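> how would this look folded up:
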Amino acid sequence: MQTAEDEPAAPYAVDGKTIVINDENASWTIDRKTYDIQRIDVARPSIAKEVAIEVPGETAEDWTVIKSFDRKRPIQASETGKDIKEEVHCEEADSHQATAPRRGNIALLSLGALGVVYGDIGTSPLYTVQTLFSSLPTDKDHIIGGISSLIWLLLLVVTFKYVVIVLTVDNRGEGGIMALTALAARSCNAESTKWLKVIVLFVGVLGTAMFYADSILTPAVSVLSALEGISVATPNLNNRTMPIAIAILFLLFTIQRFGTGFVGRMFGPMIILWFVMLAVSGIEQIVQEPSIFEAFNPGRAVGFLLDQSSQGNLFPVIGSIVLGVTGSECLYADMGHFGPLSIRLSWLLVVMPSLFLNYLGQGALLIRDPTLVDNPFFHMYSDNFLYLSVVMATIATIIASQAVISGTYSMTREAIAFGYLPRLTVRHTSNSKIGRIYVPTANLILGAAVLIVTGAYAKSANLANAYGLSVTMTMMVTSLLVTVVGVTWCIRNSRWLLAVPLVTIMMAVLTLDMLLLISCANKFLDGAWFPFAVAIFLFILMSTWAKGTHLLRDAVRAELPPLAPFLAWLTAETVQRSPRTAVYAVTDLNSVPPALVLNLRHHKSIHEAVIICKVTVTETPEAAEGQRIKVSEAAKGYWRVEAFYGFKEDPDIPAIIAKLVAEHGLPIDPKSVSYFLFRALAVPRPGSTLVSVHGMSIIRKWLFAAMHHNAGTAAHFLRVP
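Numbering: from 1, shown residues only. Next comes the predicted model:
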């Protein structure tokens, strides 16, 4: 067995001993329970005790975790007095990381980012050039001008905005709309900026809704555009494209229950070949028409756009060019998985050169033969390689779709944690990899929506009109939130000289985002209304749930007596005490738990030990381990406990109880605990009008009641046995 001394390790003090961890991005499983060693968790003093609690009669000194999962060995007598050594090796480095990945993993993480981060934007060449020139003249000047505009938009949006600016803003290592919203909201916690926090939350929820709308369109347009290469090879099969696409997408959503890594293991390595294929096919065409290199001249892009503006065609053209930057948001959304350095390297060294070469190659092809504008991507391949290109394109779009689906699961989990969606079942599909989750309800709804859209639009050209609006709105939201974070940081730290150039740069970025948004909105009646309608509907659902839970919580709290006088009364009265410990999960530590009132009313007794526990979700991905629990004794035998979890973490009340015993010395037996939860019923008042009653209209009340009725139980959410 490899020992901890065989390679550099990180020592941490644990109860006076030294814990040596070989890989900080890992987890181990004991008796079917997974413990994660990651980021700040490695410094917690209870790490060995937590393991020991799982096996009665054994102490932390009896344990050594070895390389394999689900195995243990007692420390030999000869080892007594030696440091405890935990040797944990991570199989893959794709867990959410709060700090930059270690240098030895950069290459692997950069390769992994190719499929997950760049799957969407990497399949844009399938339809972008075709859509752009479907309504433009295909003379040489227009072709070079159009390709130049596409290249420079990629440089401005992806390279400058995301790679240079946005990736520098993170919520303790995490990116994405929800993480950025939490970061921006946290920066507006001062009393003078409370109004700004309300706006930030509104914009953030709207951006989240737009992300969901985009998640419906991306798999449909990607797979359809890949399969349309069949019509180039065999025109008679043109009508079969849509049914084949539906079959592939149905299969993709069906296998999600086996874990998101299943698709990665099947097709992951193919994404590298895909980018190689993009570059090689482009080079082959460029060699035959090197004049296409004029597209690198920004003057050609400016002249092209000015010419289109003079003809009143500017917005439709930009709306088509935007398709080339769809998927840019993934760079930020997946930053927690791979780290900013890996994402930057993947873009600069592989993805950007491959996309440039392929777009230039399609332009070169059209200069030589403008009649191939119906599908320039697949016309670049000879008959011998055409079917292979269709297969590779289909695999690449499946990987891109998988990345979007996985992102939807993560976004749903975060929205639940922040209280914008009802509790849903979240299944962890990997014991050794953090962040691998499956949300059955989200998968069912998303899958049904994708299949309906695929069948309704039938062709990628039809979807191209709808595609783009939700993407550009999400990009706009990201820019707004980054601006808020940057400006508030400058004000808070008195960096006034930095604030001026920051605001100037972000205003330029926002102007570009606004131009792209207006261009896509120009196609509103041609199909862009669909993602907008979906986003508005989801925004109403999310805002209704957030407001409804707040109103319901206030209504329940108003009916409960305050805790302090109640405990004083209990102490004075001779209330019978029952053995065991009672844990009451609550949302307010200052009010009497409803379940405790009902317990006392029906059983005329109180448990000899009572813990009133509240779980608070922080605005950070993980809560600081040293600040995980706040505990105070409200009266003899009564404790108030507040447990903090980050929005990327899963609350676990039994684990909190174990910590209370191990770290805070509460005189209770973790094996003799009874858990009590209370669930209020949301029932709209009969006879209410459409006018807002008690803070919400009757329509939203009925909507909230329906969501509340179908929400998952608190017991499952809190991991209560």
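> Secondary structure class of residue 342, three-state.
Secondary structure, DSSP: H, G, I helix; E, B strand; the rest coil: residue 342 is helix.
> What is the neighbour count of it?
27 (other Cβ atoms under 10 Å). Every residue, glycine included, has its C-beta placed from N, CA and C.
> which ones are touching it?
101, 106, 109-110, 112-113 (Cβ atoms under 8 Å, 6 or more residues apart in numbering).
> Can you say which of those are buried?
101, 106, 109-110, 112-113 (16 or more other Cβ atoms under 10 Å).
> Helices - which of those land there?
106, 109-110, 112-113 (DSSP state H).
> would you turn those residues into JSON lines with pLDDT?
Output for these, formatted as JSON lines (pLDDT from 0 to 100):
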{"residue": "106", "pLDDT": "78"}
{"residue": "109", "pLDDT": "75"}
{"residue": "110", "pLDDT": "78"}
{"residue": "112", "pLDDT": "74"}
{"residue": "113", "pLDDT": "79"}
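> May I see the residues you listed arranged in TSV, with distance to residue 627 as well?
Output for those, formatted as TSV (distance: Cβ to Cβ, whole Å):
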residue	distance to residue 627
106	31
109	29
110	34
112	32
113	32
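> closest to residue 528 among those?
residue 113 (29.8 Å; Cβ to Cβ).
> Where do the helices of the stretch 101-250 of the chain begin and end?
106-116, 119-122, 128-132, 140-154, 177-186, 194-227, 229-233, 241-254 (DSSP state H, counting those that start in this stretch).
> Residue 706 is nearest to which of these?
Closest of those to residue 706 is helix 194-227, at 18.4 Å (criterion: Cβ to Cβ).
> Who are the packing partners of the closest one?
helix 177-186, helix 241-254, helix 383-418, helix 440-457, helix 460-466, helix 469-492, helix 529-558 (3 or more Cβ pairs under 8 Å, 6 or more residues apart in numbering; DSSP states H and E).
> between the ones you listed, which has the poorest average model confidence?
Least confident of the helices and strands packed on helix 194-227, judged by mean pLDDT, is helix 460-466 with a mean of 80.
> Please point out which parts of stretch 114-134 sit buried.
By 16+ other Cβ under 10 Å, the buried positions in stretch 114-134 come out as 114-133.
> Stretch 221-241 now?
For stretch 221-241, using 16+ other Cβ under 10 Å, the buried residues are 221-232, 241.
> any residues touching it, and which ones?
Stretch 221-241 has contacts (Cβ under 8 Å, 6+ apart) with 120, 123, 126-127, 242, 244-245, 248-249, 375, 377-379, 383, 386-387, 389-390, 393-394, 396-398, 400-401, 454, 457-460, 463-464, 467.
> now with 7 Å?
Residues from elsewhere that reach stretch 221-241, judged by Cβ atoms under 7 Å, 6 or more residues apart in numbering: 123, 126-127, 244-245, 248-249, 375, 378-379, 386-387, 389-390, 393-394, 397, 400-401, 454, 459-460, 463-464, 467.
> Generate a PyMOL selection restricted to the buried entries among those.
Here is the PyMOL command that picks out the buried ones among the contacts of stretch 221-241, judged by 16+ other Cβ under 10 Å:
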select buried, resi 123+126+127+245+248+249+375+378+379+386+389+390+393+394+397+400+401+454+459+460+463+464+467
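> got any ranges where the stretch 151-300 of the chain has weak pLDDT?
Low-confidence segments of the stretch 151-300 of the chain, defined by pLDDT under 70, span residues 190-193, 233, 236-238, 259-268.
> try it again with 90
169-179, 182-199, 201, 211, 214-215, 218, 221-222, 224-242, 252, 255-272 (pLDDT under 90).
> so what does the helix or strand encompassing residue 674 touch, helix or strand wise?
Here residue 674, judged by DSSP states H and E, is contained in strand 673-676. Applying 3 or more Cβ pairs under 7 Å, 6 or more residues apart in numbering; DSSP states H and E, one finds that strand 673-676 contacts strand 576-586.
> For the strand it packs on, enumerate its sheet partners and note whether each is parallel or antiparallel.
When pairing is defined by DSSP bridges, strand 576-586 lines up against strand 605-617 (parallel), strand 673-676 (parallel).
> Quick check: which of these has the most neighbours on average?
Among those, ranked by average contacts under mean count of other Cβ atoms under 10 Å, first place goes to strand 605-617 (a mean of 20).
> Helix 177-186 and that one, what's the angle between them?
Put simply, strand 605-617 runs at 100 degrees to helix 177-186, going by axes from the mean of the first three to the mean of the last three Cα atoms, to 10 degrees.
> now strand 605-617 against helix 383-418, angle please.
With the same axes, to 10 degrees applied, the angle from strand 605-617 to helix 383-418 works out at 130 degrees.
> Strand 605-617: what's the following helix or strand?
Next helix or strand after strand 605-617 toward the C-terminus (DSSP H and E): strand 629-635.
> quick one: residue 132 and residue 320 touch, right?
Yes. The criterion here is Cβ atoms under 7 Å, and residue 132 meets it with residue 320 at 4.3 Å.
> Surely residue 340 and residue 165 touch.
No. Residue 340 lies out of contact with residue 165 (Cβ under 7 Å); the separation is 11.3 Å.
> how close does the residue of the chain most remote from its centre get to residue 582?
Largest separation from the mean C-alpha position in the chain: residue 574, at 52.4 Å (Cα atoms, centre = their mean). Using Cβ to Cβ, to the nearest Å, one gets 19 Å for the distance from residue 574 to residue 582.
> Show the secondary-structure elements that the helix or strand hosting residue 502 is packed against.
Using DSSP H and E, residue 502 sits in helix 496-521. In this structure, helix 496-521 makes packing contacts with helix 314-321, helix 469-492, judged by 3+ Cβ pairs under 7 Å, 6+ apart.
> can you redo those as JSON lines with distance to residue 713 and mean neighbour count?
As requested, the helices and strands packed on helix 496-521 are exported to JSON lines (distance: least, Cβ to Cβ, whole Å; neighbours: other Cβ atoms under 10 Å):
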{"stretch": "helix 314-321", "distance to residue 713": "46", "mean neighbour count": "23"}
{"stretch": "helix 469-492", "distance to residue 713": "32", "mean neighbour count": "22"}
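> Which of these sits closest to residue 505?
Judged by Cβ to Cβ, the one of the helices and strands packed on helix 496-521 that comes nearest to residue 505 is helix 469-492, at 9.2 Å.
> what angle sits between that closest one and helix 177-186?
30 degrees.
> coming back round to it: which among the buried residues of stretch 221-241 gets closest to residue 479?
Among the buried residues of stretch 221-241, and counting by Cβ to Cβ, the member closest to residue 479 is residue 221, at 23.9 Å.
> now the closest one, nearest residue through space, not along the chain?
Excluding its sequence neighbours, the residue lying closest to residue 221 (Cβ to Cβ, 6 or more residues apart in numbering) is residue 463, at 4.2 Å.
> same thing with residue 675?
residue 720 (4.6 Å).
> Now do the one you found, the pLDDT please.
pLDDT recorded at residue 720 is 83.
> mind pulling up the phi and psi values for it?
When read as degrees, to the nearest 10, the backbone of residue 720 gives phi -80, psi 130.
> Does it touch residue 652 like I think?
No. In this structure, residue 720 is not within contact of residue 652 by Cβ under 7 Å, at 9.1 Å.
> before we move on, back to that, who has more neighbours, residue 340 and residue 165?
Between residue 340 and residue 165, residue 340 has the larger neighbour count (other Cβ under 10 Å), namely 20 against 16.
> how close does that one get to residue 712?
Per Cβ to Cβ, residue 340 is found 34 Å from residue 712.
> cool, and residue 298?
Going from residue 298 to residue 712 by Cβ to Cβ gives 53 Å.
> same thing with residue 177?
To residue 712, residue 177 is 23 Å away according to Cβ to Cβ.
> I'd guessed residue 676 sits against residue 594; true?
No. Here residue 676 does not reach residue 594: they are 9.3 Å apart, not a contact under Cβ under 7 Å.
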